[in-house]
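Participant: Starting from these lines, generate the structure:
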Amino acid sequence: MKYPIGIQSFDQIIGDGYVYVDKTGLIYRLVNEGKIYFLSRPRRFGKSLLVSTLKCYFQGRKELFKGLAIDKLETDWAEYPVFHIDFNVGDFTLPGNLEARIEETMAAWEKQYGRSDTAQTTGARFIHVLHQARKRYGRRCVVLIDEYDKPILDVLDTGYATTVDGERRLLEDRNREILKSFYSVFKTADEDLQFVLLTGVTKFSQVSVFSGF
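Facilitator: Predicted coordinates for the structure are as follows:
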């Protein structure tokens, strides 16, 4: 037997014949009994594998789930527009890295679904993309965000600073403000959302994402 040590891709685990402990019955309940979730667990507790599994499920990749519990539960296997961002990638102790990570991701989504002529903020651009994706697919969108809080945890209580419009700011506060704008879309774009999952280590009350939910 091959054990998937360090492998976080559901596609690779199934495709390469690694051992997989079947929890897809629970995933089926997750997606059918609720809409917005926050999963708080320490690192290395399988959060990224869960996100990968959900991504494959919402992409309608039925062949990957053959023989698993969900294969007998799901009858539709519809394909949804999936928006996935992984904040595990990147060193957010460097000023500008968070903005660059979000901008790269947003630009890729806009290339696929089109950019608004009027939206200027990250939040407004994200809302536009979600709406356009729903119109194209005829289905609501799925948003999967892994380690939503890493850009804050990387700089928490470090004293690292940056300069914004000539003013010195703690990087911790700056990253929190950027994420607040990015995550604030969930309340406004509710009618375009089918399912949302954020994973992270802790719940930051001042990021507005939870009040938005």
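
Participant: Chain neighbours aside, what residue packs nearest to the spatially most central residue of the chain?
Facilitator: Nearest to the geometric centre of the chain sits Ile145, at 1.5 Å (CA atoms, centre = their mean). Of all residues not flanking Ile145 in the chain, Leu198 sits nearest, at 4.7 Å (CB to CB, 6 or more residues apart in numbering). C-beta coordinates here come from the backbone N, C-alpha and C atoms, glycine included.

Participant: again, but for Tyr20
Facilitator: Ile13 (5.2 Å).

Participant: For that neighbour, which residues are in contact?
Facilitator: Applying CB atoms under 8 Å, 6 or more residues apart in numbering, we find Ile13 in contact with 4, 7, 20, 49.

Participant: Kindly indicate which of those residues lies nearest Thr202.
Facilitator: Using CB to CB, Leu49 is the member of the contacts of Ile13 that lies nearest Thr202, at 20.1 Å.

Participant: you'd agree the residue nearest to Tyr20 is in a strand?
Facilitator: No - Ile13 is assigned helix when assessed by DSSP: H, G, I helix; E, B strand; the rest coil, not a strand.

Participant: For Leu144, give me the pLDDT.
Facilitator: For Leu144, the pLDDT comes out at 97.

Participant: burial of Asp11, as a residue count?
Facilitator: 15 (other CB atoms under 10 Å).

Participant: any idea of the pLDDT on the residue of the chain most remote from its centre?
Facilitator: Distance from the centre of the chain peaks at Gly166, with 32.3 Å (CA atoms, centre = their mean). If you check Gly166, the pLDDT there is 87.

Participant: Report the beta-bridge partners for Ile36.
Facilitator: Residues in a beta bridge with Ile36, per DSSP bridges, are Val196.

Participant: surely it meets Tyr183?
Facilitator: No - at 11.3 Å, Ile36 does not count as touching Tyr183 under the criterion of CB atoms under 8 Å.

Participant: More neighbours: which of those two?
Facilitator: Applying other CB under 10 Å to Ile36 and Tyr183 shows that Tyr183 carries more neighbours, namely 23 against 16.

Participant: partners of the residue nearest to the centre of the chain in the sheet?
Facilitator: Ile85, Leu198.

Participant: Show the contacting residues for it.
Facilitator: Applying CB under 8 Å, 6+ apart, the residues near Ile145 are 84-87, 196-199.
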